[in-house]
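# here is a sequence with its predicted model. Questions after.
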Amino acid sequence: GGQRILILLDSSASMLDTTIVNIIRIRSMNDNERKRNSQKWQRAVKAVDWLTAQLPINSQYQIWNFNTGYSSIVPGTENKWLEVADRVQLDGAIDNLKKLVPENGTNLTQVFRAAADMSPPPDNIYLITDGLPTLGDKNSGKPTVTEREREEHFSEAQKLMNKGPPINVILLPLEGDNKAPALFWELVIATNGGFVTPSKDWP
């Protein structure tokens, strides 16, 4: 539901697989088609496709993908609301989505700040991700990030949205990110949203 619905899709490298070893292996490949067709990423893409099929016909939407930065999957429209009734544009958006290649780290703070600054603001947000962010406003500069630093990046992002619209989280699996479900659960409780960890055959 909602009149202005924002879908946020995590397009970082961790969306390539559920295990760290396979993420590193696939990320190192030069074959972008292999990356696009990875099972986990295809689930994320299909989730967005499923969500857009449920949007009220009289509502507006925006779809951003984010990793170290963010952008609309309809280029140049980051600060514009698009009409669900324009099916040609919506179909084109999904086609653009299918061309994306997951890469880089995850900066949730940046995309939440951009969402909070939208005018008019969204009244419903769907976040498709797989774990805690690896980047924020304050980064150590080290090639790796600790669990504690990821929690701090998440807390930084959460503060931007605690008084915002409902955030509905679709959390895909990621090996070793044990605190992610609890922290994302706190986020959806704080914003009166919903929390889903989908089964392997959804969507």
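The structure has been received and is ready for your questions.
# use CA for all of it now, contacts and neighbours both
OK.
# what's the closest non-adjacent residue to Gln42?
The shortest distance from Gln42 to any non-neighbouring residue, by C-alpha to C-alpha, 6 or more residues apart in numbering, is to Arg36 (7.1 Å).
# dump the residue contacts of the one you found.
Shown in contact with Arg36 (C-alpha atoms under 8 Å, 6 or more residues apart in numbering): Gln42, Lys98, Lys99, Leu100, Val101, Pro102.
# if we use 10 Å, what do you get?
Neighbour list for Arg36: Leu16, Gln42, Val45, Lys98, Lys99, Leu100, Val101, Pro102 [criterion: C-alpha atoms under 10 Å, 6 or more residues apart in numbering].
# contact partners of the helix or strand hosting His153?
Using DSSP states H and E, His153 sits within helix 147-158. For helix 147-158, the external contacting residues (C-alpha under 10 Å, 6+ apart) are 106-113, 131-140, 146, 164, 176-180, 183-184, 186-188, 190-191.
# run through who's touching stretch 75-87.
So stretch 75-87 is contacted by 3-6, 52-53, 55-64, 70-72, 74, 89-90, 93, 96, 114-115, 117-122 (C-alpha under 10 Å, 6+ apart).
# inside strands: which ones of the residues you listed?
Members of the contacts of stretch 75-87 lying in strands (criterion: DSSP state E): Arg4, Ile5, Leu6, Gln60, Tyr61, Gln62, Ile63, Trp64, Tyr70, Ser71, Ser72.
# report the rounded mean pLDDT for stretch 101-120.
Stretch 101-120 carries an average pLDDT of 96.
# buried sites along it?
Buried residues in stretch 101-120, defined by neighbour count with 16 or more other C-alpha atoms under 10 Å: 101-103, 105-112, 115-116.
# and the closest residue to Asn32 other than its chain neighbours, how close does it get to Leu8?
Leaving out its chain neighbours, the residue that sits closest to Asn32 by C-alpha to C-alpha, 6+ apart is Val101, at 6.5 Å. With distances taken as C-alpha to C-alpha, to the nearest Å, Val101 is found 15 Å from Leu8.
# that older thread, out of the contacts of Arg36, which end up buried?
Buried among the contacts of Arg36 by 16+ other C-alpha under 10 Å: Leu16, Gln42, Val45, Lys98, Leu100, Val101, Pro102.
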